[in-house]
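> I would like the atomic coordinates for the input below:
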Amino acid sequence: MQKTIASSVLKNLRAFRTLLLVVGSLVSVARAQVVLAPATPQVGSSNPVSAEPPVSHPDTRPCVVPLMTNAAFENYNGTPLSYAPPASCPGPWAKVILKADFTVTAGVQYDRSAWFYLGDVNIFYGTTAEPGSTLSPSWQIERDVTDLSALLKSPQTGLASIGNTVNSTYTGIIYASAELDFYPATRFDPPPAVPDLVEPVSSGNGPGTLNTGADQVTETLTLPRNVEKVYLDVIAQSQIGDEFWYLCVPNDVTTELESCGNTAFRETEISIDGKAAGVAPVYPWIFTGGIDPYLWIPITGVQTLNFKPYRVDLTPFAGVLGDGSEHTVAISVYNANGYFLATGNLLVYTDHGSDVVGGEVTSNTLSAEPSPVVTEAVSTTNGVTTGTVSVGSNRSFSITGYVNTSHGRVETTVAQRVDFLSTQTFNVNGNTGYDLQNAVQSNTVDSTTTTRSGIKVETLTKHISYPFTLDYTYAPNANGSASQVATSDQQWVVNDALSLNGFPQYQSDAQEQVKSTDTLQITAAGTLAAPGVGHSSASYSSQNSLGQCYSESLTAANQVLTSVKNGQGCHRWPF
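Model prediction:
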């Protein structure tokens, strides 16, 4: 992806960005094929790593369906995909896992967006690692795509896209192999309840482009008459001028703060037939070329190589979507400013005991747009601009709808509170070139979904939080040289609790954190004196009321993994 950043940072980085990719002595060998990365993180390696848990695999032997093998991505044409269901594993399946391996040849190359589609349905979305002059990174992703089983029951065509420029300047070729692993259901690994229908909200075999807040990715469809539950898995990825949206400022101070506009607030909006239907927070993903590429070798940012979609519960609209008429589902991004890419998968569950299910939305208090509040405390004296800028958004809403199913009337209420706050501190010296920009951002969603069916009341509460801090300083010296220091702290926190008629049924907690800092020394000629000097860490922990627990922590220094610790802090759930 072509890079831009808030321009106070950009004016210092753009001149030597490519040099970040060619300076250094990281050792690896470039090969014209996928080189399989080790199954676990290896101390001493510079391959991309993450503390995120692998997808759990059933004990049965899977049927493997290859999608592509050693496909070369050196242009923007993509690789066609052709899929047929595995004859020896007809389903239903206990689990379906997408597995993909990537290698980028050593040389000069940007990070690139990567997405795979089958039948216009997204099955993978992420970005790639940047190589170095002698570093050819390899990595593997896994994604649980069991919820897409309805799609995978029939043959599909699709496209794997990793748009890439390869010429005399940008030389890194990206190679990828991918397969679908189908695990047969057994008595010990029974098939889960999966959607009966999967509908894409996309732009063909790819995401749609949202240049402004008014732009939408839409899908007009007619669903079966017996729709009972509906969810939308959505991804909104920032690009170009919006890639570093979390460093943007109000439009009236973009000049003196040398930054991008439309404030540091973005939010994904979901609508049905033009009416507000749901909200999804935008995660502040930082890609492997972002801010300072040395920050992300070998530990990448949170979800950088494998995005997690955000699931929006649209079940209150089941009666409307299943009325036999055409309906349009749309995705937009509030404050989009050139630009976002967005895609969604509509997951539809039907009533197996009835061909027609009637219902309606009885209450909807969600406004079409948020109403953010901006506070500016910025002053300029003798060419030096200092101060703070903040933007906050708080809103609560509730949506209720019902369907008359074969097992009675089912009423669903989705109640959410969405809170966002970003505060940035600036010290921009237009005389010397000194730049300081510090950002502290919080983004939380607290939701309660209540499902009433006769005397049974099921309540699901969920807390999602995206804490994020980024500090950036560029300090010129008297002799024309300069130093740059960047520090990032990303988190992803999710807590779930399910109860039935007030009695706890299940609870789970998960938290991921990546902390990175790096210092660059720039010569008076504007070149890098040496590779970055820094360190990073990653941790992921999760546990649930079934007694399951996962924990992993990683550390790295100067672009090499230095430690791996597994299982620390794991214990049975405190009942």
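> which residues sit in contact with the spatially most central residue of the chain?
The centre of the chain sits closest to Phe307, judged by CA atoms, centre = their mean, with a distance of 3.3 Å. When contacts are counted by CB atoms under 8 Å, 6 or more residues apart in numbering, Phe307 is found next to 125-126, 235, 237, 283, 285. Glycine gets a C-beta too; all of them are placed from N, C-alpha and C.
> Next, work out how far apart it and Ile235 are.
Applying CB to CB, to the nearest Å, the value for Phe307 to Ile235 is 5 Å.
> Can you pull the residues that touch both of those two?
Tyr125.
> coming back round to it: ok but the residue nearest to the centre of the chain is inside a strand, no?
No: using DSSP: H, G, I helix; E, B strand; the rest coil, the assignment for Phe307 is coil, not a strand.
> which residue packs closest to it, ignoring adjacent ones?
Tyr125 (4.8 Å; CB to CB, 6 or more residues apart in numbering).
> Using the three-state scheme, assign the one you found.
Per three-state DSSP, Tyr125 ends up strand.
> which residues touch it?
Applying CB under 8 Å, 6+ apart, the residues contacting Tyr125 are 113-116, 207, 235, 237, 307, 309, 343.
> I'd like the contacts of Phe307 written out as TSV, with distance to Val440 added.
Shown next, in TSV, are those (distance: CB to CB, whole Å):
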residue	distance to Val440
Tyr125	28
Gly126	26
Ile235	25
Gln237	23
Tyr283	16
Trp285	17
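> low pLDDT regions in the stretch 251-400 of the chain?
Counting by pLDDT under 70, the stretch 251-400 of the chain shows no low-confidence range.
> And the chain, by the same measure?
Using pLDDT under 70, the chain drops low at 1-31, 571-575.
> Next, Ser488: phi, psi?
With angles defined as degrees, to the nearest 10, Ser488 sits at phi -130, psi 140.
> All further residue positions should be reported with the first residue as 33.
Got it, the first residue is 33 from now on, which makes the last one we talked about Ser520.
> Closest one of the contacts of Tyr157 to Thr347?
Pro341 (17.0 Å; CB to CB).
> Next up, the contacts around the closest residue in space to that closest one that isn't next to it in sequence.
Distance criterion CB to CB, 6+ apart; nearest residue to Pro341, sequence neighbours excluded, is Asp265 at 3.9 Å. Going by CB under 8 Å, 6+ apart, Asp265 touches 179, 341-344, 376-377, 379.
> Any chance of TSV for the residues you listed, columns secondary structure, neighbour count and distance to Ser497?
Putting those into TSV (DSSP: H, G, I helix; E, B strand; the rest coil; neighbours: other CB atoms under 10 Å; distance: CB to CB, whole Å) gives the following:
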residue	secondary structure	neighbour count	distance to Ser497
Asp179	helix	18	24
Pro341	coil	17	17
Tyr342	strand	20	13
Arg343	strand	16	16
Val344	strand	22	17
Gly376	strand	30	22
Asn377	strand	25	24
Leu379	strand	21	24
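> Surely the residue nearest to Pro341 forms part of a helix?
No: counting by three-state DSSP, Asp265 is located in no helix; its state is strand.
> That one and Tyr342, how far apart?
In terms of CB to CB, Asp265 sits 7 Å off from Tyr342.
> buried sites along stretch 437-454?
Residues of stretch 437-454 classed as buried: 437, 442-448, 450-454 (neighbour count, 16 or more other CB atoms under 10 Å).
> now swap in stretch 221-234 and tell me
Here stretch 221-234 shows 221, 223, 226-234 as buried, counting by 16+ other CB under 10 Å.
> Check stretch 184-197 too.
In stretch 184-197, counting by 16+ other CB under 10 Å, buried: 184, 188, 190-196.
> how about the helices in the stretch 33-182 of the chain?
Here the stretch 33-182 of the chain has its helices, by DSSP state H, counting those that start in this stretch, at 39-45, 49-54, 181-184.
> rewinding a little: closest one to Gly564 out of the contacts of Phe339, please.
Trp317 (20.4 Å).
> could you pull out the strands for the stretch 433-582 of the chain?
Taking DSSP state E, counting those that start in this stretch to define them, one finds strands in the stretch 433-582 of the chain at 440-461, 467-485, 488-497, 500-508, 514-532, 535-554, 565-576, 581-589.
> thinking again about what came up before, for beta bridges, what are the partners of the residue nearest to Phe339?
Trp147 (DSSP bridges).
> roughly how far apart are it and Asp221?
Distance from Tyr157 to Asp221, by CB to CB: 27 Å.
> picking up where we left off before, which pair of the buried residues of stretch 437-454 spans the longest distance?
Among these, Thr437 and Ser454 lie farthest apart (CB to CB), at 43.1 Å.
> what ranges do the helices span in the stretch 183-332 of the chain?
286-289.
> which residues does Ser411 bridge with?
Going by DSSP bridges, Ser411 forms beta bridges with Thr418.
> What is the neighbour count of it?
Look at Ser411: counted by other CB atoms under 10 Å, it has 10 neighbours.
> Which residues lie in contact with it in this structure?
417-419.
> out of those residues, which is most surrounded?
Thr417 (19 neighbours).
> Thought Thr457 was touching it, still the case?
No: here Thr417 does not reach Thr457: they are 11.5 Å apart, not a contact under CB atoms under 8 Å.
> Just name the closest of the contacts of Tyr157 to Ser571, please.
Distances from Ser571 to those, taken by CB to CB, are shortest for Phe339, at 19.4 Å.
> ok, so what distance separates that closest one from Ser181?
21 Å.
> circling back to that earlier point, TSV please, covering the contacts of Ser411 and showing distance to Val565.
Converted to TSV, the contacts of Ser411 look like this (distance: CB to CB, whole Å):
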residue	distance to Val565
Thr417	29
Thr418	28
Gly419	31
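> Contacts only, for the nearest residue to Phe134 once chain neighbours are set aside.
Nearest residue to Phe134, sequence neighbours excluded (CB to CB, 6+ apart): Ala208, at 5.0 Å. For Ala208, the contact set (CB under 8 Å, 6+ apart) comprises 66, 100, 102-103, 105, 111, 132-135, 146, 192, 194.
> and if you look at Ser497?
Per CB under 8 Å, 6+ apart, neighbours of Ser497: 474-476, 523-526.
> Mind doing that once more with 6 Å?
476, 525 (CB atoms under 6 Å, 6 or more residues apart in numbering).
> again, but for Thr241
Tyr371.
> beta partners of it?
Leu373.
> How about Thr445?
Beta-bridge partners, per DSSP bridges, of Thr445: Thr432, Thr482.
> That one and Thr482 touch, don't they?
Yes: using CB atoms under 6 Å, Thr445 is in contact with Thr482, at 4.7 Å.
> quick one: which of the buried residues of stretch 184-197 is nearest Val259?
Closest to Val259, out of all of those and judged by CB to CB, is Leu184, at 20.7 Å.
> Next, work out how far apart that closest one and Leu379 are.
Distance from Leu184 to Leu379, by CB to CB: 13 Å.
> which neighbours do the two share?
What both Leu184 and Leu379 touch, as defined by CB under 6 Å, 6+ apart, is an empty set.
> And for the closest residue to Pro402 other than its chain neighbours, the neighbour number?
Leaving aside its chain neighbours, Pro402 sits nearest to Ser425 (4.5 Å; criterion: CB to CB, 6+ apart). Ser425 has 19 neighbours, counted by other CB under 10 Å.
> This completes my enquiry, with thanks.
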